[in-house]
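Student: Turn this into a model:
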Amino acid sequence: MAEGSETAGAGLRDTLERLCSSRTLRLKPETPVCVAVIGLDRYLSDERATDGYSYDVTVTDGTWRVKCLLSSALHPLVQRNALHCGSCLSVTQLSFVYDERRFSQSYVCLEELECGAEDAGILSSVKTPNALRWWTRDEIGNSMFWHADAPLQSGRKHYLSLWNNEDPHGRVWIPNTPPPDTVVDVSKICLLGDLDMFFASSRRPLPLLVRVLHRSRLRFYGKPGQNIDFPFQAYFEVADQSGVMSMVLWNDLCPEWYHRLVVGSVVYLQHYSLKKSYQNRSRPQIGSLPLLSFTNTEICLNPRSPSAVITVIPPKSVQPQWSLPDVAYNFSTRHEIESLSSNQACDVIGLVTYVGRVERIRNRNSIPEKFWTYRWVHAVDGTSDSPFILEIFASSQPDIFNNICPMTYLVCTQMRVCREAGCSVYLTSSTETQLFITGCHKKQPYVSDPKVKAFIQWTKTLKDSVILRKTAVGGHYSYPPPSPTFTPHTTAANTTATAGHGASLPLMAVADLQGEIESLQYRECRRLAIQGHITAVRYHLWPQKALQSGVTAEQNTPQLEGGSVAASGGSAPSSSTGSVEQSKRLSVAPPSNSMSSPKRRRIEQGTKALQRPYWTRAKVQSERQMKLPEEEEEEEEEEGGQEGDSNQTTQTAQSPQTAGNSETGSVPDSQPSILQPSASWESSMWPLLKQDVTSCISCGSLDPESVPERFRFDDREVLLHRINLSPSRWTPDVPLSTTSETHTPVDCAGYLTLTVLGLNQQAAVDALFIPVFSPEDPRGVGMPARVHDNTLMSCLSSGHMCVQANGAYLSAEALMSSAPALEEERLVCVLDVCLLGQNKVEIICSKIYRTADVTPV
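Tutor: Residues are numbered from 1 along each chain as shown. Reported below is the predicted structural model:
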């Protein structure tokens, strides 16, 4: 690839020049142009877009760079993270588009491309991205338009964060800087308690002098076709000596002032407006302040009509005679939150011991589609043997949210108490939650709080080496765990679960799982419930030694019986967790856009869970006879192309009775598995029943990304890059691959692959079950430590293995000896599914319910 990239890269500028001079404004290069992605931006599209958003991609050949619009047909590549910063693209068709609604503006559009390896030798030669030369076409207008921090089309003036709408993104957002010295006239101000008389009259209210007590995260309310440059708003709770009132920052003022209106700042307000308060929103709990709350009226700061004037007073200029209330906190220790009621707000401080990967939840009630991003964090404060379990959503503080790591001091304000049956209490963030980590605590109002001081004194008694051994990052983590009993959700209108907390989930047909997995986007997580029979169980030892010696997951993929794993689109290895397979040719006609070739169809299909039958040898031979010669030749070329690429692998496995090839359904006479399970069990009826199974979602081996790993200071940046979402900018210090040769998993002796057959015996799914072996596993925190008999059913029901009297865990063979009890047992399985990126789908079974544990509706 490196040699090819040099030739293709040298032709990037020539290709763009030929494109501009083409009479048709569209070009298909004879040789694909190889480029690398160094920037990826998302913004609200116009009403013509199907998904509501557009994407601008900045690519380079190592010498030149250009920002291009991505065709809407290629959006799924971004949404599944197949096209991401650092990836290599082979562009096969591009066009030049004039914006007819604006004068002298145009752009390049990528219409057809293929995603290749992480790096084709292009980025390895780039030391300073800013030194790359921008390609421009000067004769069509201002060249600055091509590389400005603004979208190429639709007349939009700002970009959105790549994976959510709450985080500020781009240079348009003015950072927080120390306010300049200023003189304000406080002789003619009014108090918040006097604003009602202005609200009832037409007089312009007098200036206000207030302190910011709370700040909400940003809210983006933009919609396609909406003619608002910056459709943002943010709520603040401000106070003076008379009471507390809400203040709303609107539209263009958000990029200018949101970062500068921090908690504790004193603000002088002029030319604001008043309106009736919006009641249907969350509010911070400020009961500790002896002040009145004015909830009927709110202060509006608008960019025009009237144009608000905001002045931040430097802290040294704040006068005591102004009698402004101090910011009040309500810190609670880990021991104290046990006595707090559900939904009660509190502030916490702790030493971080575990940081989960960033995941996303879809907001299904929004147009255009929106996602919330969140992560799980454990922190200790020395008052309890149990840590804080924190569910932290993005708080419009991306620099802090993305840098939470073990061994840092974390402060979370306005957290809400959550209680679920059968697990420990946990805290979830609210709209007004603010985060602070090591490096941000200086001069914060809470530093003088007695409980914060007590925490700092406790940390001085700790040894870093002792705490470091108890830290971990990443891996599959879903909290709270399913409750001891299961109650099916009664709402039939919504057959999918987003957050999936608790035990009330809709039961889903096994055959419908395919559609659910197809619709997943990058790091989107869902909790689903199915019912059926477990017909096969395979126990695999986790290859710790192989991983620690630098052998990647692709080389250590244990192939599952009765299935194969195929790389999709060449953008990810075939051994990915839950890489969904295709075992017969698609009957859908190929589209006429950039996905017209077979290889491009695989890119577009991405993570689709395609129906896969269990093939008998007679059926395979029949299919071979019916196949057209052209199809066989085409598939041989595809397989040969995959084998020739070291970054794209195709692996197959043979079951005791049948096996399926991922593309054609043909099976070689013998194909040994790379790593056989150490123990297995199969239902006596499974060899017969599998002949009639028409659809099976087959899961690959355990991906390292699904297992928590030890935190290491030396690998801090690599670990953070792996557990955070894919960045919108490539930098030389960011690793191109998230695969680590130094992956040190938390104690994990092995995992199970469960084959669950639906009640109608037409569809099946392979799911992974990773039991908790050690208390060091973050998933074991908050989980009830019930002692059981170590039978397979008990392990699947409880989620953990119990230590035997001799201090060891049950062997795989002994565990499988109790598997026959699953014969003909009707069960409900709770599945956690997540698209890890590209074509890697994680399907984890988090709990099994017997029929006796299901409460009928």
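
Student: just the helices in the stretch 751-857 of the chain please.
Tutor: In the stretch 751-857 of the chain, the segments counted as helices under DSSP state H, counting those that start in this stretch are 792-798, 812-816.

Student: I'd like to know which of those helices lies nearest to Lys690.
Tutor: Of all the helices of the stretch 751-857 of the chain, it is helix 812-816 that lies closest to Lys690, at 19.5 Å by Cβ to Cβ. Every residue, glycine included, has its C-beta placed from N, CA and C.

Student: Tell me how far the closest one lies from the chain's centre.
Tutor: With Cα atoms, centre = their mean, to the nearest Å as the basis, helix 812-816 stands 36 Å off its chain's centre.

Student: picking that back up, relative to Cys109, tell me which of the helices of the stretch 751-857 of the chain wins on proximity.
Tutor: helix 792-798 (50.9 Å).

Student: Does anything pack onto that closest one? Which helices or strands?
Tutor: Using 3 or more Cβ pairs under 8 Å, 6 or more residues apart in numbering; DSSP states H and E, the elements in contact with helix 792-798 are helix 812-816, strand 840-850.

Student: In terms of helices and strands, where is the closest residue to Leu218 other than its chain neighbours?
Tutor: In this structure, Leu218 finds its nearest non-sequential neighbour in Ser396, 4.5 Å apart by Cβ to Cβ, 6 or more residues apart in numbering. Under the assignment given by DSSP states H and E, Ser396 is not contained in any helix or strand.

Student: which residues does Ser396 contact?
Tutor: Contact analysis of Ser396 by Cβ atoms under 8 Å, 6 or more residues apart in numbering lists Glu166, Asp167, Pro168, Arg217, Leu218, Ala234, Tyr258.

Student: run the last query once more with 10 Å
Tutor: By Cβ atoms under 10 Å, 6 or more residues apart in numbering, the residues touching Ser396 are 161, 164, 166-168, 173, 215-219, 232, 234, 254, 258-259, 434-435.

Student: Among these, name the ones in strands.
Tutor: When DSSP state E defines the strands, the subset of the contacts of Ser396 inside them is Arg215, Arg219, Phe232, Ala234, Leu435.

Student: biggest separation within those residues, which pair?
Tutor: Farthest apart among the ones in strands among the contacts of Ser396 by Cβ to Cβ are Phe232 and Leu435. That separation is 19.5 Å.

Student: out of the two, which sits in the more crowded spot?
Tutor: Legend: neighbour count by other Cβ atoms under 10 Å for Phe232 and Leu435, higher for Phe232 (25 against 22).

Student: what bridges to that one?
Tutor: Phe220 (DSSP bridges).

Student: I'd assumed Lys157 was in contact with it.
Tutor: No. Between Phe232 and Lys157 there is no contact under Cβ atoms under 10 Å: 11.8 Å.

Student: anything in contact with each of the two?
Tutor: Common neighbours of Phe232 and Lys157, using Cβ under 10 Å, 6+ apart, are Asp252, Pro255.

Student: can you count the residues close to the nearest residue to Gly780 once chain neighbours are set aside?
Tutor: Spatial nearest neighbour of Gly780, excluding adjacent residues (Cβ to Cβ, 6+ apart): Val772 at 4.4 Å. Neighbour count for Val772, taken as other Cβ under 10 Å: 22.

Student: what's the spacing between Val772 and Arg779?
Tutor: Distance of Val772 to Arg779, computed by Cβ to Cβ, to the nearest Å: 5 Å.

Student: Mutual contacts of these two, please.
Tutor: Between them, Val772 and Arg779 share the contacting residues Pro481, Val746, Gly799, His800, judged by Cβ under 10 Å, 6+ apart.

Student: What score does the last one have for pLDDT?
Tutor: Pointing back at His800 there. Listed pLDDT for His800 reads 86.

Student: name the element Ile534 belongs to?
Tutor: Residue-wise, Ile534 maps onto strand 525-541 under DSSP H and E.

Student: any idea of the angle that strand forms with strand 840-850?
Tutor: Following axes from the mean of the first three to the mean of the last three Cα atoms, to 10 degrees, one obtains 90 degrees for the angle between strand 525-541 and strand 840-850.

Student: Strand 525-541: which residues count as buried?
Tutor: 525-540 (16 or more other Cβ atoms under 10 Å).

Student: Skipping adjacent residues, who's closest to Ser706 in space?
Tutor: Nearest non-adjacent residue to Ser706, counting by Cβ to Cβ, 6+ apart: His476, 4.7 Å away.

Student: Now that neighbour: phi and psi?
Tutor: Dihedral pair for His476: phi -70, psi 130, per degrees, to the nearest 10.

Student: if I've got this straight, Arg65 is in a helix?
Tutor: No. Under DSSP: H, G, I helix; E, B strand; the rest coil, Arg65 falls outside any helix and is assigned strand.

Student: which ones are touching it?
Tutor: Taking Cβ under 10 Å, 6+ apart, we find Arg65 in contact with 12, 35-36, 38-39, 58-59, 126, 129-135, 146-147.

Student: Quick check: next helix or strand after the host helix or strand of Leu77?
Tutor: Under the criterion of DSSP H and E, Leu77 resides in helix 75-79. As assigned by DSSP H and E, the chain's next helix or strand after helix 75-79 is strand 88-98.

Student: which residue sits closest to Asn176 in space, ignoring its chain neighbours?
Tutor: Leaving aside its sequence neighbours, Asn176 sits nearest to His259 (Cβ to Cβ, 6+ apart; 4.3 Å).

Student: ok, the one you found touching Val172?
Tutor: No. Assessed by Cβ under 10 Å, His259 is found out of contact with Val172, at 11.3 Å.

Student: Asp747 - how many residues pack around it?
Tutor: Asp747: 16 surrounding residues under other Cβ under 10 Å.

Student: Can you give me the distance of it to Arg469?
Tutor: 12 Å.

Student: tell me, what's touching those two both at once?
Tutor: When contacts are counted by Cβ under 10 Å, 6+ apart, Asp747 and Arg469 are jointly contacted by Glu776.

Student: could you dump stretch 371-380 to PDB, C-alpha only?
Tutor: C-alpha atoms of stretch 371-380 as PDB (Å, rounded to 0.1, in the frame of the first residue of the first chain):
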ATOM      1  CA  PHE A 371     -27.400  10.900  20.500                       C
ATOM      2  CA  TRP A 372     -26.400  11.300  24.100                       C
ATOM      3  CA  THR A 373     -22.900  10.400  25.100                       C
ATOM      4  CA  TYR A 374     -22.000   9.000  28.500                       C
ATOM      5  CA  ARG A 375     -19.400   6.900  30.400                       C
ATOM      6  CA  TRP A 376     -19.300   5.100  33.700                       C
ATOM      7  CA  VAL A 377     -16.700   6.000  36.400                       C
ATOM      8  CA  HIS A 378     -15.800   4.600  39.800                       C
ATOM      9  CA  ALA A 379     -14.200   6.800  42.400                       C
ATOM     10  CA  VAL A 380     -13.300   6.300  46.100                       C
END
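
Student: what bits of the stretch 701-850 of the chain have low per-residue confidence?
Tutor: Scanning the stretch 701-850 of the chain for pLDDT under 70 picks out 735-742.

Student: let me redo that: the stretch 551-700 of the chain
Tutor: 551-675.

Student: so where is the stretch 251-400 of the chain shaky, pLDDT-wise?
Tutor: Scanning the stretch 251-400 of the chain for pLDDT under 70 picks out 287.
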